[in-house]
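> I would like the atomic coordinates for the input below:
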Amino acid sequence: MAGDWIKMRMDLRRHPKVVRMASACGADRYRVIGGLLAVWAVFDEQTEDGLLEGYTPAAMDEEIGWAGFSAAMISVGWMQFSPESGLSMPEFSEHNGKSAKRRASETKRKRLEREEDDRKLSAEDADKKRPREEGEKNPSSSSLRSEEEGGDARPTPGEACKAMKQAGMASVSPSSPDLIALLDAGITLAELVDATKYAVDKQKPFSYALKTAEGRRRDAARIAPLPAANTLNKQEALEAANRAVADRFLEKEGLNVAH
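Below is the predicted model of the structure:
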């Protein structure tokens with residue numbers, strides 16, 4: 001058996017052959033479409049090559065419960081009959097069988113991939129259009145490079161997610177409210193990357209990495225508030241906060257704290 005579904009055209013009700021069959025059978029087009037579905041299903045279920053050996057038009061009419069329907073299909077070229085071989089369906093492999101279904105599935109997969117790519121591009125465009133911090137002259141420059149050089153550019157959600165994916169996080173979301181809140185609070189790409197690597201090591205998801213980054217900033221602020229922005233740049237402030245967290249850990253373990 002070829003499978004449990006078959007292809008049907010969305011505009012089949014307007015096909016000239018359907019109109020001709022409706023006239024020949026004295027039935028409306030929608031009943032003709034139902035009869036076609038029944039016949040095509042028999043071919044799909046019972047054959048791999050579109051040939052039903054031993055079948056006659058009368059046998060098919062009996063199968064679908066509609067006398068004269070097979071003759072109407074033959075008259076428009078949608079079915080053929082040979083007393084020696086039986087009933088056959090012209091161009092069967094174009095619309096039925098495993099190969100046709102495989103092509104249809106592949107077409108659907110490619111369409112969904114194109115839609116996903118378009119969605120991602122739209123999301124990236126939206127990120128680029130988000131209001132930037134006043135005074136930033138080059139929105140396309142790397143936020144990570146700006147941090148390393150002592151700049152204060154705010155990473156976009158897209159840039160943050162890209163850095164987290166490069167750090168090993170398989171699934172990210174630029175529209176995450178938690179991520180946007182962290183970025184608005186001034187979190188750096190370096191902090192996000194560190195938290196991401198920690199989450200990846202523990203095989204935890206994107207949300208866990210964000211919570212880890214948030215918790216580290218909260219702990220650092222409680223233990224040793226960051227120096228004023230006019231005395232340290234972001235990288236130096238981050239290093240000071242990390243030292244404070246390390247000092248607390250060493251104190252808990254009863255170890256000497258020395259710098």
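
> neighbours of Lys202, how many?
Residues near Lys202, counting by other Cβ atoms under 10 Å, number 10. For the C-beta atoms, the positions are set from N, CA and C on the backbone; glycine is no exception.

> that one reaches Ala209, doesn't it?
No. Contact criterion Cβ atoms under 8 Å: Lys202 and Ala209 do not qualify, at 9.6 Å.

> let me know the next secondary structure element after the helix or strand bottoming out on mean pLDDT in the chain.
The weakest-scoring helix or strand in the chain, judged by mean pLDDT, DSSP states H and E, is helix 143-148 (a mean of 45). Heading C-terminal from helix 143-148, the first helix or strand you meet, by DSSP states H and E, is helix 157-166.

> give me the buried positions along that following helix.
Residues Pro157, Gly158, Glu159, Ala160, Cys161, Lys162, Ala163, Met164 are the ones in helix 157-166 that count as buried (16 or more other Cβ atoms under 10 Å).

> quickly list the domain ranges of this structure.
12-98, 141-252 (automatic domain parsing).

> for the protein, which segments count as helices?
For the chain, the helices defined by DSSP state H cover 16-25, 29-46, 57-64, 69-75, 92-95, 97-129, 143-148, 157-166, 177-184, 189-201, 206-223, 234-252.

> circling back to that earlier point, Arg243: which of the buried residues of helix 157-166 is nearest?
Nearest to Arg243 out of those is Ala163 (Cβ to Cβ; 23.2 Å).

> excluding chain neighbours, what is closest to the closest one?
The shortest distance from Ala163 to any non-neighbouring residue, by Cβ to Cβ, 6 or more residues apart in numbering, is to Leu189 (4.8 Å).

> and the one you found, how close does it get to Leu182?
Leu189 sits at a distance of 11 Å from Leu182 (criterion: Cβ to Cβ, to the nearest Å).

> joint contacts of the two?
Common neighbours of Leu189 and Leu182 (criterion: Cβ atoms under 8 Å, 6 or more residues apart in numbering): none identified.

> which pLDDT value belongs to Lys162?
With respect to pLDDT, Lys162 has a value of 92.

> make that Gly150, sorry
Reading off the model, Gly150 has pLDDT 44.

> ok, Asp61 next?
The model's pLDDT for Asp61 equals 97.
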